[in-house]
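Undergrad: just need the structure, nothing else, for what follows:
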Amino acid sequence: MAIKILSVVGARPNFMKIAAICEAIKSFNGTTGGREIQHVLVHTGQHYDSNMSDSFFKDLDLPKPDLSLGVGSGSHSAQTARIMERFENVVIEERPQVVLVVGDVNSTVACALVTKKTWCRGGAERADFIPRLAHVEAGLRSFDRTMPEEINRILTDSISDYLFTTEESANRNLRAEGIPDDRIFFVGNVMIDTLLRHRGKARESTVLQDLGLINGNVVKPYAILTLHRPANVDDKRVFVQMLDAFLEISKHMPIIFPAHPRTLKRIQDDALGDYFVDHSVQGSAPWDPRPHIRLVPPLGYLDFLNLMSEAKVVLTDSGGVQEETTILGVPCITLRDNTERPVTIDQGTNVLVGSNSEKIVAAFHRISNNEEKLARSPRQWDGQAAQRIVKILNDDVRSACKFLTGSRA
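TA: Coordinates of the predicted model:
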């Protein structure tokens, strides 16, 4: 009997994670002699712009989603509500044994809540049942509940049946919250599975040439900036303080900034355009001595991976980028006061500086004067995390069908 796993993807950070799951299920089905997993991929449409979604499906060889909910943008509450309303019918119709959610976006918590509140028809062979819920990247905590992602993580973990973790700190966090050990599985990092699988292909990208970052055969020193969190960009005073630091850094090397749509809107609304030069419009050499931050359009996965691999330093408020730079050996300056991924600091590749201008510039100077390559591989970040997840789910569903034989209260 084939088991059915329904996986949810919704926003750009999810795509790299779900790609590894899709590949692992495909590989598993090729080696089981007919005992296949039926996999249903649902795209909520939380990110709907082609630069934020379609290009990632192409770059990552993701299969076309079986179902698309098309929820679009909105406030956290409105978007979460739309996802829940549309996803409920999917669960009822598909009747999966397991719903798998990844990360910490609104799609994650919305689909998790629906899963654990929906009874599926069992049919002639089994009783009605509530699907099991698997959370990939469970247990990460920033301990900052003003972050929407933190609320999403806590709620999703509290109701999940399988909590797949990426680092030891996550295991400790879950145990401290009362999660039983038999629900916690330390499997590694599916984002790193995807990075390792696509790193060779990313080297074929022409993004460095396209952005004028190669002089002959030499890659010029440059920094990358990613910035999108409300705490950094929604308060103009904070945002300007950070931009002043980036402008100072740009005197030493160009800063390439693939701007997130919500950040670009803040730049426009707050009339901060003088800090930037638009590569698409002005196209001057990136090592032009005039200080500026170079705006480029959002990049696909392969282009960004290649750009990040060759960078001198990355400045970011993204959680995933902290992990990727750890494996790539690229120094990372995290523009936050906390991180839910402490292993990236323990490994020596990441430093927290918050939004303070002086700390940002000081960290840059320390890093730019150090030529040491800092690549580290935290435990279980070996490219096999998704395979471990698929094996655990398959073995558990087949050997312990107790969760399929319940009855309605």
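
Undergrad: please count neighbours and contacts with C-alpha atoms only from this point.
TA: Noted.

Undergrad: now do the buried residues in the lowest-mean-pLDDT helix or strand in the chain.
TA: For the chain, using mean pLDDT, DSSP states H and E, the weakest element among its helices and strands is helix 54-59, scoring a mean of 81. Residues of helix 54-59 classed as buried by neighbour count (16 or more other Cα atoms under 10 Å): 54-57, 59.

Undergrad: over to stretch 91-108?
TA: Using 16+ other Cα under 10 Å as the test for burial, stretch 91-108 gives 91, 95-108.

Undergrad: chain center to it: distance?
TA: 17 Å (Cα atoms, centre = their mean, to the nearest Å).

Undergrad: how about stretch 394-401?
TA: 29 Å.

Undergrad: same question for stretch 295-310.
TA: The answer for stretch 295-310 is 15 Å, by Cα atoms, centre = their mean.

Undergrad: out of the buried residues of stretch 91-108, which sit inside helices?
TA: Of the positions in the buried residues of stretch 91-108, 91, 106-108 sit in helices, assigned by DSSP state H.

Undergrad: coming back round to it: now do the least confident helix or strand of the chain: everything it contacts.
TA: Residues external to helix 54-59 that are found in contact with it (Cα atoms under 8 Å, 6 or more residues apart in numbering): 12, 15, 62-64, 300-302.

Undergrad: mind checking which of those are buried?
TA: 12, 15, 62, 300-302.

Undergrad: just to revisit the earlier point, widest-spaced pair of the ones in helices among the buried residues of stretch 91-108?
TA: Val91 and Asn106 (17.4 Å; Cα to Cα).

Undergrad: for the stretch 201-350 of the chain, which spans come out with low pLDDT?
TA: 279-290 (pLDDT under 70).

Undergrad: how about the helices in the stretch 251-400 of the chain?
TA: 261-269, 301-309, 319-328, 343-346, 357-368, 385-399 (DSSP state H, counting those that start in this stretch).

Undergrad: what helices and strands are in contact with the third one?
TA: To tie it back to what came earlier, the one meant is helix 319-328. On a contact count with 3 or more Cα pairs under 8 Å, 6 or more residues apart in numbering; DSSP states H and E, helix 319-328 meets helix 190-202, helix 301-309, strand 332-334, helix 343-346.

Undergrad: next one: the longest one to chain centre, how far?
TA: Going by Cα atoms, centre = their mean, the spacing between the C-alpha centre of helix 190-202 and its chain's C-alpha centre is 13 Å.

Undergrad: just the buried residues of helix 54-59 now: which is nearest Lys4?
TA: Phe57 (21.9 Å).

Undergrad: so how far is stretch 109-121 from its chain's centroid?
TA: Using Cα atoms, centre = their mean, the offset of stretch 109-121 from its chain centre is 23 Å.

Undergrad: now swap in stretch 167-180 and tell me
TA: Relative to its chain's centre, stretch 167-180 lies at 20 Å (Cα atoms, centre = their mean).

Undergrad: average pLDDT for it, rounded please.
TA: Over the span of stretch 167-180, the pLDDT mean works out to 98.

Undergrad: please point out which parts of it sit buried.
TA: 167-171, 174, 179.

Undergrad: between the ones in helices among the buried residues of stretch 91-108, which is nearest Asn29?
TA: Val91 (22.8 Å).

Undergrad: do I have it right that that closest one meets Cys120?
TA: Yes - counting by Cα atoms under 8 Å, Cys120 is a contact partner of Val91 at 7.3 Å.

Undergrad: and stretch 21-40, end to end?
TA: Terminal residues of stretch 21-40 are spaced 12 Å apart (Cα to Cα, to the nearest Å).

Undergrad: still on that earlier bit, out of the helices of the stretch 251-400 of the chain, nearest to Ala134?
TA: Here helix 385-399 is closest among these (Cα to Cα), at 8.6 Å.

Undergrad: need the phi and psi values for His260.
TA: phi -60, psi 140 (degrees, to the nearest 10).

Undergrad: contacts for stretch 97-106?
TA: Stretch 97-106 is contacted from outside by 3-11, 13-14, 17-18, 46, 76, 79-80, 108, 111-112, 115, 131-138, 149-150, 152-153, 397, 404, using Cα under 8 Å, 6+ apart.

Undergrad: and the strand or helix carrying Asn14, what's buried?
TA: If you go by DSSP states H and E, Asn14 is part of helix 12-29. Buried residues in helix 12-29, counted by 16+ other Cα under 10 Å: 12-25, 28.

Undergrad: what are the pairing partners of the helix or strand following that helix, and which direction each?
TA: Next along the chain after helix 12-29, taking DSSP H and E as the criterion, comes strand 37-43. Here strand 37-43 is paired, per DSSP bridges, with strand 3-9 (parallel), strand 67-68 (parallel).
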